[in-house]
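A.B. asks: Below is the sequence, then the predicted model.
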Amino acid sequence: MRPSYPPILQSGAQHEQCDNLCSLTFSTLSLQATFLHYSVLCLESPHSKMDEKLRTDPPSYVQEVGSNLPIKPQAREPYDANVSFEEYHFYANKTRAEQLTLEAPRWNVLQLFAKKDQLDAQDNLPVTTLTEADFRNPEKRLQITDEEWTNASRAFRSASAGACFFLITTDILGPYGSGYTMGTLGWGPGIAFYTVFGFMAGYSGYLVYRVFLGVDSHEFPAKNYGDLAFRTVGRYGRHITNICQGLGLLLITGQVTIQYGENISQMSKFKLCYAVCPVIFACAGFFVSQIRTLRAYGWIANLAVWLNIFVILMTMGVMANSPPNYAISTLGSAGSAVNSATITPDKAGNYPPVIHYNNIPPDGLIGSLNGMLSGVLAYAGVQLFVEFLAEMRRPRDFVKAMWGAQFFIYSVYLIYGCVVYYLQGQYSFNPSYQGVSAYGWQTAGNMITLLSALIAGGLYGNIGIKVVYNNIFLDIFKAPPLTTRVGKIMYATLCPIWWIIAFVIAGAIPDYMGFVSVISASMLLNLTYSLPPLFALSFDIQKNGMRQGEGFDPSTGRVIRGESIVQRYVRGFLAGGIFQIGINIWHMIYFLASLSMCGLGMYAAVTGMVDAFTKDQLTSFTCVSPLNLNA
């Protein structure tokens, strides 16, 4: 017979538990508790309190109106520390059961020309009657019924798996640096890199998907990456995640602005002052970022995918029938990263022949690491998956769209990278379409990718601004939600500020490849490979730590737990059998290995950027294009 345990009724200030726990000495814990404490608990869990006393009074979040009643989800403040993991998980299971009965939304090209209300009626989406005043006024929020509250969440979820496939592909697909990466790594390591990192990026996406299904609900919708961190790791985890994601998206927007400022510069044959070129792109990106819903982006993302495929096929055909673009190889080619002697012309102006490496080029470790970081950027995108999931009518369909998109992206990267490297060798340039020597085809590639880049840049701006708004303006300054009229006005105001910062980054750091390496090592590697296993580990420990008879009671709002936080976390880590324990250990190794790669990558990135700025022609806010350093 299972022994009975006295219930512990959890109450407010639950975030203090880990601070108290961390004060225990390692000598007082068992070997297992010490191991688990080091990896997870010191990151602070938001959903319990170090309180071993049996409590007989109702928790602070239970209303005492005639009888003990729980506070409704609509009456809570955003990121209420009193909401336990068990409560999030209870409502998540309830929402997943409901969504199993829903019909998948239809998605076709004709939707491009339909109005939003027509599409909502077509998909039988619930209509919400809530107004701006209902969200802004705390008293009116209390008057919102449970059905009205959940219908407001349902109305927000309209995207299909097909739309998500194109959004993921638009977000991640960027094969134009794959030839460069192959050139810095060689045949064997290059193919192995794209295979392993591609699979692990997909695995990270699967972990995000699984955690999302376990903590998202109509009552407590998870809308961004930071929400997963808050509900699994704690408030400090949420702040760190939001800072990394917001800064990462801003830097990616800056990276896109640098890259396509170079596009414009090359199309003008370097006659236009380079400092002006990023301004042109930023102004265009500002208008695209005015699109607020990801459903609308799903439509135009379809176009971006096919434009990229056309440029891929075009550049491979042209490269097969023309020499490399020797003139721009000084900065941005594989040879410039690993061995500049292989791209230096002789006294007669003749460039060395195309060469290939089977393994990592000798004496080119820093360049190889920077090439690998270019591949990390190519696979980065997991941090946006929560935004896609949050707008899906049936989130369970996401995994099909994600793995389908991931396999398609991997295939394109590997095939395109191998073809470009075979044809151009050490002259493989990033981006590859600028390495085409025929000016007409070069300009065609620049023009078409410029259009698809505006779509991708608008997507980064859209989600980046939402992250900043939800975690600074909404959280600190109590601004209204983005769905309200005032929220929409504030969103439109933030767009130009976002793109101005992107321009400043582009003008100040003209070394495109050096900048890519820095943002990949510092932010994108952690967002894609470090955080998902951490979230999954914390989620599994807390979920498996619950025993029969424990959990959240919706009729009273009470959370029943029968053991201390240390006992529960140790049990959660060791529960589920040998296979689950192995998964937990694997997630810890995955997390720590990603952090180690971050440190090594930062060393290589900073070293490479310092070397690039030793070139006298490369200065900030200059009229000299980085593609015209031989002039």
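C.D. replies: Arrived safely, thanks for sending.

A.B. asks: gap between the helix or strand where V311 lies and the chain center?
C.D. replies: Per DSSP states H and E, V311 falls inside helix 294-319. In terms of CA atoms, centre = their mean, to the nearest Å, the centre of helix 294-319 is found 21 Å from the chain centre.

A.B. asks: Please apply the same query to stretch 363-375.
C.D. replies: On CA atoms, centre = their mean, the centre of stretch 363-375 falls 23 Å from the chain's centre.

A.B. asks: for that stretch, what is the average pLDDT?
C.D. replies: Averaging pLDDT along stretch 363-375 yields 87.

A.B. asks: Would you mind listing the buried residues in that stretch?
C.D. replies: Buried residues in stretch 363-375, counted by 16 or more other CB atoms under 10 Å: 364, 366-375. C-beta here means a position set from N, CA and C on the backbone, and glycine is covered the same way.

A.B. asks: about what we covered before: skip ahead from the helix holding V311 and say which helix or strand is next.
C.D. replies: Moving toward the C-terminus from helix 294-319, the next helix or strand (DSSP H and E) is helix 334-338.

A.B. asks: and for that following helix, what are the contacting residues?
C.D. replies: For helix 334-338, contacts defined as CB atoms under 8 Å, 6 or more residues apart in numbering pick out 179-180, 182-184, 329-330, 342-343, 361, 363-364, 366-368, 370-371, 421, 425-429, 513, 608.

A.B. asks: Need phi/psi at R561.
C.D. replies: The phi and psi values for R561, taken as degrees, to the nearest 10, are phi -130, psi 140.

A.B. asks: please renumber so the chain begins at 28
C.D. replies: That works, and once the first residue is 28, the last one we named lands at R588.

A.B. asks: shaky segments in the stretch 478-627 of the chain?
C.D. replies: Within the stretch 478-627 of the chain, no stretch has pLDDT under 70.

A.B. asks: for this protein, what spans make up the strands?
C.D. replies: 35-36, 89-92, 94-97, 578-580, 585-588 (DSSP state E).

A.B. asks: Now the third one: average pLDDT?
C.D. replies: Spelled out, it's strand 94-97. Averaging pLDDT along strand 94-97 yields 58.

A.B. asks: State the number of residues packed around L561.
C.D. replies: L561 has 27 neighbouring residues, counting by other CB atoms under 10 Å.

A.B. asks: how long is stretch 629-648 end to end?
C.D. replies: Start and end residues of stretch 629-648 are separated by 24 Å (CA to CA, to the nearest Å).

A.B. asks: Go through it and flag the buried ones.
C.D. replies: So stretch 629-648, judged by 16+ other CB under 10 Å, has buried residues 629, 631-632, 634-636, 638-639, 645.

A.B. asks: now these as TSV including pLDDT and distance to L278?
C.D. replies: Putting these into TSV (pLDDT from 0 to 100; distance: CB to CB, whole Å) gives the following:
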residue	pLDDT	distance to L278
M629	92	14
A631	90	17
A632	88	12
T634	88	19
G635	83	16
M636	82	13
D638	80	21
A639	75	17
L645	62	19
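
A.B. asks: and those residues, which of them are in helices?
C.D. replies: If you go by DSSP state H, those have 629, 631-632, 634-636, 638-639 in helices.

A.B. asks: ok, and the helix or strand in this structure with the lowest average confidence?
C.D. replies: strand 89-92 (a mean of 34; mean pLDDT, DSSP states H and E).

A.B. asks: thinking again about what came up before, got the buried residues of stretch 629-648 as TSV, with distance to P422 columns?
C.D. replies: As requested, the buried residues of stretch 629-648 are exported to TSV (distance: CB to CB, whole Å):
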residue	distance to P422
M629	35
A631	38
A632	35
T634	42
G635	40
M636	40
D638	46
A639	43
L645	46
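
A.B. asks: could you say what helices and strands the helix holding V338 packs with?
C.D. replies: helix 188-199, helix 425-451, helix 466-495 (3 or more CB pairs under 8 Å, 6 or more residues apart in numbering; DSSP states H and E).

A.B. asks: and the angle for the first one with helix 425-451?
C.D. replies: Between helix 188-199 and helix 425-451, the angle comes out at 40 degrees (axes from the mean of the first three to the mean of the last three CA atoms, to 10 degrees).

A.B. asks: Which neighbouring elements make contact with helix 188-199?
C.D. replies: By 3+ CB pairs under 8 Å, 6+ apart, helix 188-199 packs against helix 321-346, helix 412-417, helix 425-451, helix 466-495.

A.B. asks: Packed most tightly, which of the ones you listed would that be?
C.D. replies: Comparing these by mean neighbour count (mean count of other CB atoms under 10 Å), helix 412-417 ranks first with a mean of 24.

A.B. asks: which residues touch it?
C.D. replies: Identification of contacts with helix 412-417 by CB under 8 Å, 6+ apart yields 183-184, 186, 191, 194-195, 232, 235-236, 239, 243, 248-252, 254-255, 321, 422, 425, 429, 490, 493.

A.B. asks: from the residues you listed, which would you call buried?
C.D. replies: Buried among these (16+ other CB under 10 Å): 183-184, 186, 191, 194-195, 232, 235-236, 239, 243, 248-252, 254-255, 321, 422, 425, 429, 490, 493.

A.B. asks: Quick check: the closest residue in space to P653 that isn't next to it in sequence vs G288, distance?
C.D. replies: Among residues not flanking P653 along the chain, P537 sits closest, at 4.6 Å (CB to CB, 6 or more residues apart in numbering). Separation of P537 from G288 (CB to CB, to the nearest Å) stands at 9 Å.

A.B. asks: Distance to D580 added to the helices and strands packed on helix 188-199, as JSON lines?
C.D. replies: What follows is those, written out as JSON lines (distance: least, CB to CB, whole Å):
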{"stretch": "helix 321-346", "distance to D580": "36"}
{"stretch": "helix 412-417", "distance to D580": "27"}
{"stretch": "helix 425-451", "distance to D580": "30"}
{"stretch": "helix 466-495", "distance to D580": "34"}
